[in-house]
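Q: Dropping a prediction and its sequence here:
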Amino acid sequence: MSKMLDEIREQPAVLERTLQAERQSIEQLRGILTRQPPRMIMLVARGTSDNAAQFGRYLLEITTGIPVTLAAPSIFTLYNAPFRFDDVLVIAVSQSGESTDTNLVLERARQQGARTIGITNEASSTLARLAEHPFLVHGGREQSVAATKTYTGQLLLLYMLAHALGANIALDDLARLPEWTSRALSLEPEVARRAERYRFMDHTVVVGRGLNYANAFELALKLMETCYVVAERFSSADFLHGPIAMVEASFPAFLFAPSGVTWPGLREMIEKLGKLKAETLVITDQSNPDALALGELVIALPIPIQELFTPMPYIVPAQLLAAHLAEEKGFNPDQPRTLSKVTRTL
């Protein structure tokens with residue numbers, strides 16, 4: 001059994017520890033940001049953490065109304081361009097806390113007077129030292145190269161930061177997330193059976209929209225790094241603007257489909273894929289009866305979940321699918337070829 005699977009199963013406990021350990025610091029930050037709200041937020045990250053940051057962009061803009069941008073680190077590391085950080089809140093996200101370019105952006109921002117926040121799993125990391133306000137994922141050291149528990153831990157801390165920035169998200173609302181993640185883990189036997197069907201898959205598309213757009217990126221990344229599958233990821237809106245032309249009979253497609261404002265467009269997408277006889281698998285939950293009616297095409301969480309909180313429990317069956325598919329293909333998801341746990345780039 002892989003360490004990746006072990007760490008996927010640890011997630012409810014990691015989330016519970018993180019919520020309890022960082023609660024007081026988040027409330028203190030809320031007081032500071034209430035007095036000095038930012039004009040803009042910049043998120044900076046790489047890899048899986050960049051997918052978490054993509055989620056953070058949607059979450060923070062939707063719930064706080066503050067404009068959010070994702071940093072392009074090469075602007076700082078290669079072009080050395082001057083940047084105005086007036087009233088900008090810079091949030092760096094890194095599992096190891098040792099991503100060279102992420103840390104350089106954070107350091108530059110703090111030197112120029114920006115308020116800085118760091119999200120990492122390593123209390124002794126460079127990122128934790130550089131950030132004015134460090135927040136920790138209390139997951140213990142992640143052993144598998146494929147990050148899982150740190151991704152969901154980062155999502156949780158981004159929810160907590162939304163609370164600190166004035167979003168209508170109570171910390172008590174977040175207390176349900178560990179339980180929902182645990183319920184998602186109950187789907188593992190079903191997911192393992194479904195993974196067998198994709199043993200010979202070498203290409204796919206992953207589709208999500210809005211709050212689950214980041215999960216499309218994250219599942220695609222997991223399929224690429226652990227299963228060596230060429231996985232393209234799209235917003236459902238973008239997918240209709242050209243890429244759907246590559247779909248033919250038996251083409252595999254994975255979709256994140258919560259109820260809520262994104263569902264009508266996703267339903268249209270699923271119907272189009274059905275007419276093309278694609279091999280479609282939908283991740284949803286009990287609050288979306290239309291998606292449940294798809295029958296064999298669905299992995300459904302056995303509880304209803306408000307769309308705002310779906311990204312964290314929805315990624316769990318996707319993580320399980322990648323881990324079990326890697327084993328079906330005879331690969332070790334803990335040690336993907338040519339990869340290491342810490343990647344340093346400039």
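A: Yep, that arrived. Residues are numbered from 1 along each chain as shown.

Q: just checking, what packs against the strand or helix carrying Leu33?
A: Element membership for Leu33 (DSSP states H and E) is helix 11-35. On a contact count with 3 or more C-beta pairs under 8 Å, 6 or more residues apart in numbering; DSSP states H and E, helix 11-35 meets strand 133-136, helix 149-164, helix 171-174, helix 177-185. To be clear about C-beta, it is placed using only N, CA and C from the backbone, and glycine gets the same treatment.

Q: relative orientation of the longest one and helix 177-185 in degrees?
A: Note on geometry: by axes from the mean of the first three to the mean of the last three C-alpha atoms, to 10 degrees, helix 149-164 and helix 177-185 are set 140 degrees apart in direction.

Q: what is the rounded mean pLDDT of helix 149-164?
A: Over the span of helix 149-164, the pLDDT mean works out to 98.

Q: That one vs helix 11-35, what angle?
A: Going by the same axes, to 10 degrees, helix 149-164 makes 30 degrees with helix 11-35.

Q: do the last one as well
A: Here the directions of helix 177-185 and helix 11-35 differ by 150 degrees (the same axes, to 10 degrees).

Q: Could you point out the helix or strand that follows helix 177-185?
A: By DSSP H and E, the next helix or strand past helix 177-185 is helix 188-197.

Q: Tell me which residues are up against that next one.
A: Contact with helix 188-197 is made by Leu281, Ile299, Pro317, Leu320, Leu321, His324, Leu325, Glu327, Glu328, as judged by C-beta atoms under 8 Å, 6 or more residues apart in numbering.

Q: what residues does the helix or strand the first one falls within touch?
A: Spelled out, it's Leu281. Element membership of Leu281 [criterion: DSSP H and E] is strand 279-285. Outside strand 279-285, the residues that touch it by C-beta under 8 Å, 6+ apart are 194, 250-259, 270, 273-274, 291-292, 294, 297-305, 310, 313-314, 317-318.

Q: Please work out which of the helices and strands packed on helix 11-35 is packed deepest.
A: Highest mean neighbour count among the helices and strands packed on helix 11-35 (mean count of other C-beta atoms under 10 Å): helix 149-164, with a mean of 27.

Q: and the strand or helix carrying Ala237, average pLDDT?
A: According to DSSP H and E, Ala237 maps onto helix 236-240. For helix 236-240, the mean per-residue pLDDT is 77.

Q: In terms of secondary structure, what does it contact?
A: Helix 236-240 sits against strand 203-208, helix 263-275, with contacts defined as 3+ C-beta pairs under 8 Å, 6+ apart.

Q: how about a cut-off of 10 Å?
A: Contact partners of helix 236-240 among helices and strands, from 3 or more C-beta pairs under 10 Å, 6 or more residues apart in numbering; DSSP states H and E: strand 203-208, helix 213-227, strand 230-235, strand 252-256, helix 263-275.

Q: Low-confidence regions, this protein specifically.
A: Low-confidence segments of the chain (pLDDT under 70): 240-242, 337-346.

Q: so what are the domain limits for it?
A: With domains defined by automatic domain parsing, the chain comprises 3-175, 179-328.

Q: for the ones you listed, which one sits closest to Asp334?
A: domain 3-175 (4.4 Å; C-beta to C-beta).

Q: How far does the closest one sit from its chain's centre?
A: 12 Å (C-alpha atoms, centre = their mean, to the nearest Å).

Q: distance between the ends of it?
A: Using C-alpha to C-alpha, to the nearest Å, the end-to-end distance of domain 3-175 comes to 26 Å.

Q: likewise stretch 42-50?
A: Length of stretch 42-50, first residue to last, C-alpha to C-alpha: 12 Å.

Q: what does stretch 192-208 give?
A: With C-alpha to C-alpha as the measure, stretch 192-208 spans 22 Å from end to end.

Q: likewise stretch 175-190?
A: End-to-end distance of stretch 175-190 (C-alpha to C-alpha): 26 Å.

Q: Leu29: neighbour count?
A: 21 (other C-beta atoms under 10 Å).

Q: Isn't it up against Leu157?
A: No: with contact defined as C-beta atoms under 10 Å, Leu29 does not count as touching Leu157 (11.1 Å).

Q: Name the residues contacting each of the two.
A: Taking C-beta atoms under 10 Å, 6 or more residues apart in numbering as the contact rule, Leu29 and Leu157 both touch Glu22, Ile117, Phe135.
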